[in-house]
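Asks: Here is the input, now give the coordinates:
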Amino acid sequence: MADINLSDCQFDDCEEVLEAMKFAMTTNVTLGKYNMTGNTISDEGVEEVCEILGEAKHVQSLMLTDFMSEESMTML
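Replies: Just a heads-up that it's a prediction; the model follows:
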């Protein structure tokens, strides 16, 4: 599995970004590891990402923001 480093790209979890994440994570099954640390992903964004992961069963590792609520950490 390949990995991609998208850390510190200064993106947030607006609708367009979440749609692009969903497209990338569900269609590119060769990418199994995503590093998205240093970006702004809210608790609501984490909830959306969890839904994406439900479809992207091949994803083995996902690193998100370091500043996440305990509730969001539990969801992941």
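Asks: what about the closest residue to Val17 other than its chain neighbours, which SS state?
Replies: Nearest-residue entry for Val17: Phe11, 5.2 Å, with adjacent residues in sequence omitted and distances by Cβ to Cβ, 6 or more residues apart in numbering. C-betas here are computed from N, CA, C, even on glycine. Recorded secondary structure, Phe11: coil (DSSP: H, G, I helix; E, B strand; the rest coil).
Asks: got the contact list for the helix or strand of the chain with the lowest mean pLDDT?
Replies: Lowest by mean pLDDT, DSSP states H and E among the helices and strands of the chain is helix 70-75, with a mean of 75. With contact meaning Cβ atoms under 8 Å, 6 or more residues apart in numbering, helix 70-75 is reached by 43, 46-47, 50.
Asks: which one of those is nearest Val59?
Replies: Cys50 (11.3 Å; Cβ to Cβ).
Asks: That closest one: which element?
Replies: helix 43-55 (DSSP states H and E).
Asks: For the residue nearest the centre of the chain, list the residues it contacts.
Replies: For the chain, the residue sitting closest to the mean C-alpha position, by Cα atoms, centre = their mean, is Val49 at 5.3 Å. For Val49, the contact set (Cβ under 8 Å, 6+ apart) comprises 18, 21, 41, 62, 64, 76.
Asks: re the thing from before, doesn't Gly45 make contact with the residue nearest to Val17?
Replies: No: applying Cβ atoms under 8 Å, one finds Phe11 not in contact with Gly45, separated by 10.3 Å.
Asks: more crowded one of the two?
Replies: Shown here are Phe11 and Gly45; by other Cβ atoms under 10 Å, Gly45 has more neighbours (21 against 16).
Asks: Quick check on the residue nearest to the more buried one when sequence neighbours are not counted: phi, psi?
Replies: Nearest residue to Gly45, sequence neighbours excluded (Cβ to Cβ, 6+ apart): Asp13, at 2.8 Å. Dihedral pair for Asp13: phi -110, psi 40, per degrees, to the nearest 10.
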